[in-house]
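S.K.: coords please:
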Amino acid sequence: MKRAAQAVLVFAAAGLIWAQGDEAFIGARGKYWAFQKVIRPAVPALRDAWVRNPVDAFLLQGLRQKQLEPSAPLDRARLMRRVTYDLTGLPPTPEEIDAFLKDKSAGAYEKVVDRLLASPAYGERWAAKWLDVVRYADTNGFELDLERPNAWRYRDYVIHAFHTGKPYDRFIQEQIAGDEMFPGDHEALIATGYLRAGSEHLVAGNIDPEESRQEVLTEIATSVGQTFLGMTINCARCHNHKFDPILQRDFYALQSIFAGAKGKDVEIVDADGKAAWEAAQKLYKDRLSPVQDALKALAKPFDEQVREVRKRQLDPKLRLALDTPKDKRTDEQKRLASDAQTQINPAWDEIVAVMPPNVLAERARLRQRLHEVEATAPDPLPAAYAFVNTGEAAPQSYILRLGDPHSRLDQVEPAVPEVLRADYRIPAEATGRRTALARWLTSADNPLTARVMVNRIWQFRTGDGMVRTPNDFGVMGDKPESHALLDWLAAEFVSANWSVRAIDRLIVTSSAYRQSAAPDAAKAKIDPQNRLLWRMNRKRCDAEMIRDAALAVAGTLNPAIGGRPVRIPIEPEVYDLIFTEYERDGLWPVSPDRSVQNRRGIYLYNKRSVRLPLLTAFDQPDTITSCPVRPVSTHALQALTLFNSGFMQEVSQAFAARLVKACASGRGCQIDRAWQLALGRPPRAKETQLAREFFRSGGALSDFCLALFNRNEFLYVP
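M.R.: This next block holds a predicted model:
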């Protein structure tokens, strides 16, 4: 008993030392501005016609402290183009621009903003931003890069959430713990797909279950830290964070919150729906089986031929074991026969290699028919690509040496980071841990959640975040030029029922947003990075926006909302990148319906290992790591892609056909209409002259359209 009591004292002392060590490590770092509670600052009392709302008041105060003044307002036509692109990712139509220019009422612009905010395209535009941050794709990544047949429902959930104005706190809760907090709600269940959005290392062959599980938990903890908290918690995986007050213990304590749950596809269909699916599946199998059987019958004699050749080449012991009837084999012969069978089994290409030309031709015909039938397969049984509780007690979690699951150090209990914890506790029971985390994340007292999201909104609308490292609010991240504006927006966000749309509206209706993006050398000397927003930042369209805008201008964009991802035609050299251990035909089944291929970029099949050249050239993220801000590169491949890609050639021809249909009166109409559709304005006199000279020299209308698509003015938001 005495020895046991001594042991207890030793462990208690060790715990005290550890706790004191944690406290000392956090120390002054915990007083960093980002970890302090948000307190709404007073709005500067400025009487100035430029100030339309509190955003302007804060900005104008900062500008005047540096002896700066705002830039002139953007003209109305280009403002219409800017706000439409920003809120929907699509260009305004000439009719929409004309209606706005004719509306002289005081609230004309606000009416446009409200219409755009109510558009389904607003949800699609925001979802594209959000999916960049959470690293969404339709496949797992790594070697096999297998498809996730039901992952697209999470993408549609995000679109619907932003379109319908789902409060951001509810949005977080559903993604972290939708199955726990809102049982029976299919939408909330689908939302937990957020926890599986990143890549997952599922491969053929032997895997270490503990390593695989640790990879999943690391992905989740990293994503939660970056997405909602703007913290690089993952930097504490192997040691205490080098700069921020994040303990190694914090990383594994956060992981522990998810230890009692796992990824699972959960059916979300009723009995009638399942019966209908089973009936459709049976009809499909009835169509497929005859083709498969014909292929097997065609290959059978050649399969046996290769086997016989290989069998003769076997070691005599192996051949004898294989020839011995199964019921008469010794234990040793059973093992040898199994080895022999493996050695004589031919691969598909070895069978094809011995087929004569007439058989190969018949096989090719059957393979083509096979893929035609496969294209008629019913959609997979509706299921949520979810992350749910296992129903069992959560396994004990440990700090791991260098992240190695086989090198355990101290035990940890589920918890949020110590620097932000206060008196908040995560329950020990497996069920309820994620609910507790979700409630902590969405507490009005959490110093980071609202700040991080309003910073993302600001960056999305102005081109630069107040904190220019949106995933890192730590010491090594950027610091806001105006803490006051950031905190006022964060406080306003919470008081406005966590409405993203309300903050969006506040920003885009401000005078600051309506400024010209024109440079000013004198102002740039004082604020070269435009941190004070004395002008609007010029923004290039995202990769998908360029594609969508081209389709919209050509009049061929399919506006359908939601549904399974769409495969579009890809170049042969891109097709060759698709990994397979089997035949290389039918790996990328393209929808035969061209209108389906012309849907918005957010619906294109996003395979981590196969990048579409047009989107890659214009900096589409790789979905391997979180992308809070897309880079903007400039290189020759962009111009080459815009001029020479099959897609741009086809969309230019469609644009030309639209002009011919609209303009029976001839070239003058075509030139004017082309400028209005592509650039949102009439051509200038010099531009009209150049266009007419181009046509007089024999230029084709489709080439003229292609040239408009290659203008900087088409690629950049005003």
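S.K.: What segments of the chain are strands?
M.R.: Remark: strands assigned in the chain by DSSP state E are 261-267, 383-389, 397-400, 408-412, 539-540, 716-717.
S.K.: Most tightly packed of these?
M.R.: Neighbour counts averaged per stretch over the strands of the chain are highest for strand 383-389, at a mean of 22; criterion: mean count of other Cβ atoms under 10 Å. (Each C-beta comes from the backbone N, C-alpha and C, glycine too.)
S.K.: now that one, how far from the centre of its chain.
M.R.: Between the centre of strand 383-389 and the centre of its host chain there is 18 Å, according to Cα atoms, centre = their mean, to the nearest Å.
S.K.: what sits up against it?
M.R.: For strand 383-389, the external contacting residues (Cβ atoms under 8 Å, 6 or more residues apart in numbering) are 148, 150-151, 153-154, 179-180, 186, 189-190, 192-196, 258, 260-269, 430-431.
S.K.: Mind doing that once more with 7 Å?
M.R.: Outside strand 383-389, the residues within contact range by Cβ atoms under 7 Å, 6 or more residues apart in numbering are 148, 150-151, 153-154, 179, 186, 189-190, 192-193, 195-196, 260-268, 430-431.
S.K.: swap in stretch 462-469?
M.R.: Among residues not part of stretch 462-469, those counted as contacts by Cβ under 7 Å, 6+ apart are 455, 458-459, 473, 477-478, 480-482, 485-486, 533, 536-537, 539.
S.K.: cutoff 8 Å now
M.R.: Residues from elsewhere that reach stretch 462-469, judged by Cβ under 8 Å, 6+ apart: 230, 451, 455-456, 458-459, 473, 477-482, 485-486, 507, 512-513, 530-531, 533, 536-539, 628-629.
S.K.: How about stretch 545-559?
M.R.: Residues from elsewhere that reach stretch 545-559, judged by Cβ under 8 Å, 6+ apart: 85, 89-91, 121, 541, 595-596, 598-601, 614-615, 618, 647-648, 651-652, 654-655, 658, 677-678, 705, 709, 714-715.
S.K.: The same query, at a cut-off of 6 Å, please.
M.R.: Stretch 545-559 is touched from outside by 89-91, 595, 598-601, 618, 651, 654-655, 658, 677-678, 709, with contacts defined as Cβ atoms under 6 Å, 6 or more residues apart in numbering.
S.K.: next one: stretch 234-242
M.R.: Residues from elsewhere that reach stretch 234-242, judged by Cβ under 6 Å, 6+ apart: Phe25, Thr222, Ile246, Leu247, Gln248, Phe251, Leu402, Gly403.
S.K.: Nearest residue to Ser407 in space, ignoring adjacent ones along the chain?
M.R.: Nearest in space to Ser407, with sequence neighbours left out and distances taken as Cβ to Cβ, 6 or more residues apart in numbering, is Arg401 at 3.9 Å.
S.K.: Pull up the gap between the one you found and Ala415, please.
M.R.: Going from Arg401 to Ala415 by Cβ to Cβ, to the nearest Å gives 20 Å.
S.K.: Which one's more surrounded, the two?
M.R.: Between Arg401 and Ala415, counting by other Cβ atoms under 10 Å, Ala415 is the more crowded of the two (20 against 14).
S.K.: Local confidence estimate at that one?
M.R.: We have a pLDDT of 95 for Ala415.
S.K.: Mind pulling the model confidence for Asp593?
M.R.: Reading off the confidence values, Asp593 has pLDDT 89.
S.K.: again with Gln6
M.R.: With respect to pLDDT, Gln6 scores 50.
S.K.: Just the buried ones out of the contacts of stretch 545-559, please.
M.R.: With neighbours counted by 16 or more other Cβ atoms under 10 Å, the contacts of stretch 545-559 contain buried members at 89-91, 598-601, 618, 651, 654-655, 658, 677-678, 709.
S.K.: Near Pro405, how many other residues are there?
M.R.: Residues lying near Pro405 (other Cβ under 10 Å) number 17.
S.K.: one step back: could the strands of the chain go into TSV alongside mean pLDDT and distance to Asp622?
M.R.: Rendered in TSV, the data for these read as follows (pLDDT from 0 to 100; distance: least, Cβ to Cβ, whole Å):
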stretch	mean pLDDT	distance to Asp622
strand 261-267	96	22
strand 383-389	97	20
strand 397-400	94	27
strand 408-412	95	32
strand 539-540	96	19
strand 716-717	96	24
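S.K.: how close does the nearest residue to Thr324 once chain neighbours are set aside get to Arg547?
M.R.: Spatially, and ignoring its direct neighbours in sequence, Thr324 is nearest to Gln333 (5.6 Å; Cβ to Cβ, 6+ apart). Taken as Cβ to Cβ, the spacing of Gln333 relative to Arg547 amounts to 62 Å.
S.K.: Save the strands of the chain as a markdown table, and put in distance to Val494 too.
M.R.: Listed next are the strands of the chain as a markdown table, based on distance: least, Cβ to Cβ, whole Å:
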| stretch | distance to Val494 |
| --- | --- |
| strand 261-267 | 28 |
| strand 383-389 | 27 |
| strand 397-400 | 32 |
| strand 408-412 | 31 |
| strand 539-540 | 28 |
| strand 716-717 | 29 |
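S.K.: Would you mind giving the contacts of stretch 234-242 as TSV with distance to Leu640 and neighbour count added?
M.R.: Compiled in TSV, the contacts of stretch 234-242 are given as follows (distance: Cβ to Cβ, whole Å; neighbours: other Cβ atoms under 10 Å):
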residue	distance to Leu640	neighbour count
Phe25	52	17
Thr222	36	24
Ile246	45	27
Leu247	50	24
Gln248	48	22
Phe251	44	29
Leu402	44	8
Gly403	42	17
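S.K.: which one of these sits closest to Val133?
M.R.: The closest of the contacts of stretch 234-242 to Val133 turns out to be Thr222 (Cβ to Cβ; 12.1 Å).
S.K.: quick check: longest helix of this structure.
M.R.: Longest helix in the chain, counting residues (DSSP state H): helix 271-312.
S.K.: from the chain's centre, how far out does that helix sit?
M.R.: Shown here is helix 271-312, whose average C-alpha point lies 37 Å from the average C-alpha point of the whole chain (Cα atoms, centre = their mean).
S.K.: about what we covered before: from Ala522, how far off is the residue nearest to Ser407?
M.R.: Distance check for Arg401 against Ala522: by Cβ to Cβ, it reads 57 Å.
S.K.: Just give the number of residues close to Leu131.
M.R.: Residues within reach of Leu131, counting by other Cβ under 10 Å, total 21.
S.K.: so where is the stretch 101-250 of the chain shaky, pLDDT-wise?
M.R.: Regions of the stretch 101-250 of the chain meeting the criterion pLDDT under 70 cover residues 204-206.
S.K.: If anything else comes up later, I'll come back, but that's it for now.
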